[in-house]
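Novice: Fold the following for me, if possible:
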Amino acid sequence: MYRIVSLMRPNAVLLMALLIVSAGMLVAGCTAPGGDGTQPTPTETVTTPMETETPLETETPTATETTRVTTAATTAAGGGIATVEIAADNTAFDTNTITVPAGAQVTIIFDNRDAGILHNVAVYTDSSAAEEIFVGETITGPAVITYTFTAPEEPGTYFFRCDVHPQQMTGDFIVE
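Specialist: Modelled structure (predicted):
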């Protein structure tokens, strides 16, 4: 009898182990890993849009072309400062009048746009061009040059011209 018991004992142990493993498999099949045996509840995700500011539309000013500019500012010594832009194109000045303050420090920015042609700006007391106030360097276009001189102290109408083309390129140089 001893022999029968010893043979059955391992079977009982084996049977018990099978029972435990089966019960474990049954439980494992009913639950999610790490779960408590209940089915997960679906959740709804709500996304709230974040409010962003749209920049206001701004208007960009457009550039305007200015062919000549006269700016006068009083200085401590009196007189003032004047900056003038003038151009030569097709053997003609783009203006026939330059106005500056009496005794001002005058800067003329001269743009000779005529390719291969000589021009300058010269200022005289009158149209006879006998007495010069200022005579600018002659340049071959296209080129730009800056002239600087002092305007007459006495207000009045003077004369400017291109010395290379004295008949067709002339104008009034007004001192106020």
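
Novice: All the helices of the chain, in order from the start?
Specialist: Listed in chain order, the helices of the chain (DSSP state H) span residues 2-30.

Novice: Least confident secondary structure element in it?
Specialist: Within the chain, judged by mean pLDDT, DSSP states H and E, the helix or strand with the poorest mean is strand 71-73; its value is a mean of 40.

Novice: how many neighbours does residue 169 have?
Specialist: Under the neighbour criterion other C-beta atoms under 10 Å, residue 169 is assigned a count of 19. Backbone N, C-alpha and C define where each C-beta goes, glycine included.

Novice: Pull out the buried positions in stretch 79-89.
Specialist: By 16 or more other C-beta atoms under 10 Å, the buried positions in stretch 79-89 come out as 79, 80, 82, 83, 84, 85, 86, 87, 88.

Novice: From residue 172, how far out is the third one?
Specialist: In other words, residue 82. Summarising the geometry, the distance separating residue 82 from residue 172, computed by C-beta to C-beta, to the nearest Å, is 15 Å.

Novice: what do you get for the first one?
Specialist: The span separating residue 79 from residue 172 equals 20 Å under the rule C-beta to C-beta.

Novice: cool, and the fourth one?
Specialist: Distance from residue 83 to residue 172, counting by C-beta to C-beta: 18 Å.

Novice: pLDDT at the closest residue to residue 156 other than its chain neighbours, what is it?
Specialist: Once its chain neighbours are removed from consideration, residue 156 has its nearest residue in residue 175; the separation is 5.8 Å (C-beta to C-beta, 6 or more residues apart in numbering). pLDDT, residue 175: 97.

Novice: check contacts around residue 175.
Specialist: Residues in contact with residue 175, defined by C-beta atoms under 8 Å, 6 or more residues apart in numbering, are 99, 100, 101, 102, 151, 152, 154, 155, 156, 157, 158.

Novice: Great, nothing more from me.
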